[in-house]
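Asks: got a sequence here, can you build the structure:
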Amino acid sequence: MPQISLTDLVEITSAAGLSKARKVAAIKRRPSYHPAKDFYKPLREKLAELHRQGRPASELGGFLATLNDRKKVNNYQTAVEGYMRWCGKKSIEWFEPSRGVYSRHGVDVRVNPELGVSINGQRHLVKLYFKDEPLLRLRTDVVTVMMEASLREACQRGEAMALLDVRKGKLFPLQVSLAETRAVIDAELAYVADLWRSL
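Replies: The predicted structure follows:
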């Protein structure tokens, strides 16, 4: 049974034609996950750690000073600036985020938001978006609908699903019809399942 990440699904859904097929093939053939190849892993973990320990986002400046990789320094700097803008003067308290799997057509999609945070008293599960590429509405919709579909039963009432464009410091909550977007997602997973068998 194919197992892919939510990020994989977003990349597949955002592509068309041969590009879509190539993305599925690349996912099937890529080597096993290794933390050293996960470019944003240290920053994702640092953001969660800060909130888990109730420390201010201003401490991220010290974290940047520990980096030696020039590529990471440049990319992390922009992300940290955006994240600190987003935090601003908000009251942010940590809770452990729910994790889940969305399964359709024999394909499992892992849904793992990085942050569980109460923002000014409103609980949010937050998936982080670090890329420099513009965050298109389709990506936002797929992420937030997948979170809603796979995590809602494990959540408290009123808990919001959201995607944070870290570089821009902008939070995008679920704002789309669940049924319509799930139908699109399920069709994409049927495509993945069919193509996966032939690769």
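
Asks: for the closest residue to His51 other than its chain neighbours, what are its contacts?
Replies: Across the structure, with C-beta to C-beta, 6 or more residues apart in numbering as the measure, the residue nearest His51 apart from its sequence neighbours is Trp94 (4.2 Å). C-beta coordinates here come from the backbone N, C-alpha and C atoms, glycine included. Taking C-beta atoms under 8 Å, 6 or more residues apart in numbering as the definition of contact, the neighbours of Trp94 are Ala48, His51, Arg52, Gly54, Leu115, Gly116, Val117, Ser118.

Asks: okay, strands next: where are they in the protein?
Replies: In order along the chain, the chain carries the following strands (DSSP state E): 3-5, 92-94, 100-104, 107-111, 115-119, 122-129, 160-165, 170-173.

Asks: burial count for Phe130?
Replies: For Phe130, the count of nearby residues is 18 (other C-beta atoms under 10 Å).

Asks: so what's it up against?
Replies: Listed by C-beta under 8 Å, 6+ apart, the contact partners of Phe130 are Tyr40, Leu43, Arg44, Asn75, Ala79, Val166, Arg167.

Asks: now the residue nearest to it when sequence neighbours are not counted: phi and psi?
Replies: Sequence neighbours aside, Tyr40 is the residue nearest to Phe130 in space, at 4.8 Å (criterion: C-beta to C-beta, 6+ apart). Note on Tyr40: backbone dihedrals following degrees, to the nearest 10 are phi -100, psi 10.

Asks: what sits against Tyr40?
Replies: Residues in contact with Tyr40 (C-beta under 8 Å, 6+ apart) are Ala79, Leu128, Phe130.

Asks: same list, these, but as a markdown table with distance to Ala162 please.
Replies: Shown next, in a markdown table, are those (distance: C-beta to C-beta, whole Å):
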| residue | distance to Ala162 |
| --- | --- |
| Ala79 | 17 |
| Leu128 | 10 |
| Phe130 | 15 |
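
Asks: dump those residues to TSV, plus pLDDT.
Replies: What follows is these, written out as TSV (pLDDT from 0 to 100):
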residue	pLDDT
Ala79	97
Leu128	98
Phe130	96
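
Asks: which of the strands of the chain is buried the deepest?
Replies: When you average the neighbours per residue for each of the strands of the chain (mean count of other C-beta atoms under 10 Å), strand 160-165 leads with a mean of 22.

Asks: which residues touch that strand?
Replies: Contacts of strand 160-165 (C-beta under 8 Å, 6+ apart): 82, 86, 113, 115, 122-129, 135, 139-140, 143-144, 147-148, 151, 170-174.

Asks: and that strand, which strands flank it?
Replies: Taking DSSP bridges as the criterion, strand 160-165 pairs within the sheet with strand 122-129 (parallel), strand 170-173 (antiparallel).

Asks: let me see the mean pLDDT of that strand.
Replies: Taken as a whole, strand 160-165 has an average pLDDT of 98.

Asks: same deal with stretch 6-24?
Replies: Averaged across stretch 6-24, the pLDDT comes to 96.

Asks: alright, calling it a day.
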